[in-house]
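> below is the structure, and that's it, no one-letter string:
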């Protein structure tokens, strides 16, 4: 098992994983161009896990200077419950901490019960005091 920094060249393999992972919501910014912008803006903070030269897990992580954000934590079904997701989250949080970020958020789809349970076990707390509002521009 190898955990390494995510690269733009990983795009197609990651997209295939995301499309087959329940609870991952892809949007119009989830393009190769969007990934490249994200990785350039947040160098050294997003990772993949490879087993036998195949990407089996991903995590995208970045920050706005105040708060960290995690996107697209995905672990292929055959590789779950082995601690891979936990390792990716811990690595991303370490990178945020190195950059002076002390709080991190994750958006979880309302019907993603497995995701909610995972994030709770990781120590993330569900917020009841805020709601998300979005606008397409």
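Ah, there it is. Just so we're clear, the structure is a prediction, and the values are computed from it rather than from any experiment.

> residue 36: which element?
Residue 36 belongs to helix 32-41 when elements are defined using DSSP states H and E.

> and the longest helix along the chain, which residues are buried?
Using DSSP state H, we find that the single longest helix of the chain is helix 84-98. The neighbour-count check on helix 84-98 (16 or more other CB atoms under 10 Å) flags 84, 85, 87, 88, 89, 91, 92, 93, 95, 96 as buried. No exception for glycine: its C-beta is placed from N, CA and C like everyone else's.

> so the second one makes contact with residue 75?
Pointing back at residue 85 there. Yes: contact criterion CB atoms under 8 Å: residue 85 and residue 75 qualify, at 4.9 Å.

> now the common contact residues for those two.
residue 57 (CB atoms under 8 Å, 6 or more residues apart in numbering).

> tell me which element residue 69 falls in.
Applying DSSP H and E as the criterion places residue 69 in strand 68-75.
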